[in-house]
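Undergrad: Here's my sequence, what's the structure:
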Amino acid sequence: MFTIVKLDATNSTNSYLKEWAKKADVSHGTVVLAKHQESGRGQLGAKWLSDNGKNLTFSILYKFSNLQITDQFYLNCAVSLAIYDALLPIIGKSLTVKWPNDIMSDDKKIGGILIENAVKNGYISQSVIGIGLNVNQIIFSDELPDATSLAIITQKTFDLDSVLDTILQSLEKKLKLLELGQFADLNSAYQNTLYRRNIFSKFNEKNNTFLGKIIGVTIQGKLQIQLESNELREFSLKEVQFIF
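TA: Numbering: from 1, shown residues only. Alright, predicted model coming up:
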């Protein structure tokens with residue numbers, strides 16, 4: 001299903017694929033893979049830094065026929081779970097998904113996802129799904145104190161094409177569930193993978209620190225945290241941060 005286009009370098013695979021799709025009829029399932037991203041992006045403009053040729057940085061153009069914008073949370077679930085399922089045999093039980101879609105091993109970040117949707121008449125017509133995964137990099141800059149990689153975790157070196165193929169196969173399965181409307185299954189599985197779910201943790205909200213535990217994520221994509229007082233609060237992106 002997937003057609004892979006390999007680049008030596010680009011500013012951002014998401015940006016490259018979006019611009020390409022504006023100028024031409026890019027096929028469904030086109031994957032743009034770059035050895036190096038000069039300006040890799042994460043959620044809400046965050047930077048994604050990666051060593052040249054050691055990691056996976058790629059984006060996929062996926063076209064939908066009947067996915068409502070109100071169901072975009074399940075797209076996030078499907079992509080996160082695809083990576084989770086692909087990496088679980090390699091990493092094991094330490095693997096979790098940190099809301100909204102960071103891939104974690106214990107308290108270290110191993111990967112991230114950026115999904116950008118094109119919407120028409122209330123439906124998602126196509127998505128550019130960007131994935132960054134630390135694979136063979138073993139030294140990270142001081143800007144990334146919480147980063148790790150498959151190589152660090154397992155003390156092994158990986159074939160990048162093989163890891164990519166495993167992720168794409170997993171992604172095809174999960175996106176098929178999405179297209180079949182298996183939202184309840186995707187939601188349940190996503191909730192069960194959540195980082196520090198039901199564990200009291202420290203959070204920061206507008207320079208105020210509080211204790212709470214993650215209960216889940218709403219279908220609108222908001223994080224649910226239960227406070228020590230048992231009050232249940234909901235937070236949107238960037239409204240709350242973990243304190244380690």
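
Undergrad: all contacts plus neighbour counts: C-alpha atoms, from now on.
TA: OK.

Undergrad: can I assume residue 216 is in contact with residue 225?
TA: Yes: Residue 216 is within contact range of residue 225, at 7.5 Å (criterion: C-alpha atoms under 8 Å).

Undergrad: Now for residue 197, how many residues are close by?
TA: 18 (other C-alpha atoms under 10 Å).

Undergrad: could you pull out the helices for the protein?
TA: 13-23, 72-91, 150-154, 160-179, 183-192 (DSSP state H).

Undergrad: Between those, which one is closest to residue 56.
TA: Minimum separation from residue 56 across the helices of the chain (C-alpha to C-alpha) falls at helix 160-179, 6.8 Å.

Undergrad: what does that closest one rub up against?
TA: Counting contacts by C-alpha atoms under 8 Å, 6 or more residues apart in numbering, the residues outside helix 160-179 that touch it are 2, 54-56, 64, 66-67, 74-75, 78-79, 81-83, 85-86, 135, 183, 186.

Undergrad: Buried subset of these, written for PyMOL?
TA: Only the buried entries of the contacts of helix 160-179 go into this PyMOL selection, using 16 or more other C-alpha atoms under 10 Å:
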select buried, resi 2+54+55+56+67+74+75+78+79+81+82+83+85+86+135+183+186
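
Undergrad: Quick check, pLDDT for residue 142.
TA: At residue 142, the pLDDT value in this model is 83.

Undergrad: what's the answer for residue 189, then?
TA: pLDDT, residue 189: 98.

Undergrad: Also residue 238?
TA: Predicted confidence (pLDDT) for residue 238: 88.

Undergrad: do you know how far it is from residue 101?
TA: 13 Å (C-alpha to C-alpha, to the nearest Å).

Undergrad: and the two? which has more neighbours close in?
TA: residue 101 (22 against 10).

Undergrad: Surely the more buried one touches residue 76?
TA: Yes: contact criterion C-alpha under 8 Å: residue 101 and residue 76 qualify, at 7.3 Å.

Undergrad: show me what contacts residue 110?
TA: 102, 103, 104, 133, 134, 147, 148, 149, 150.

Undergrad: Near residue 227, how many other residues are there?
TA: If we define neighbours as other C-alpha under 10 Å, then residue 227 has 16 of them.

Undergrad: what pairs with it across the strands?
TA: Counting by DSSP bridges, residue 227 forms beta bridges with residue 212.

Undergrad: and the gap between it and residue 198?
TA: Applying C-alpha to C-alpha to residue 227 and residue 198 gives a distance of 11 Å.

Undergrad: How about residue 225?
TA: Counting by C-alpha to C-alpha, the gap from residue 225 to residue 198 is 9 Å.

Undergrad: Common neighbours of those two, please.
TA: With C-alpha under 8 Å, 6+ apart as the test, residue 225 and residue 198 both reach 213, 214, 215.

Undergrad: domain ranges for this structure?
TA: Recorded structural domains for the chain (assignment: automatic domain parsing) are 3-192, 200-243.

Undergrad: ranking those by burial, who's on top?
TA: Of all the domains of the chain, domain 3-192 carries the top mean neighbour count, a mean of 18, counting by mean count of other C-alpha atoms under 10 Å.

Undergrad: Please state the offset of that one from the chain centre?
TA: Distance of domain 3-192 from its chain centroid, counting by C-alpha atoms, centre = their mean, to the nearest Å, is 5 Å.

Undergrad: can you tell me the distance between the two ends of it?
TA: For domain 3-192, the first and last residues are 32 Å from each other (C-alpha to C-alpha).

Undergrad: residues making contact with stretch 233-244?
TA: Applying C-alpha under 8 Å, 6+ apart, the external contacts of stretch 233-244 come out as 100, 201-206, 221-227.

Undergrad: Skipping adjacent residues, who's closest to the residue nearest in space to the middle of the chain in space?
TA: Taking C-alpha atoms, centre = their mean, the centroid of the chain lies closest to residue 113, which sits 2.7 Å from it. In space, and not counting its chain neighbours, residue 113 is closest to residue 131: 4.7 Å by C-alpha to C-alpha, 6 or more residues apart in numbering.
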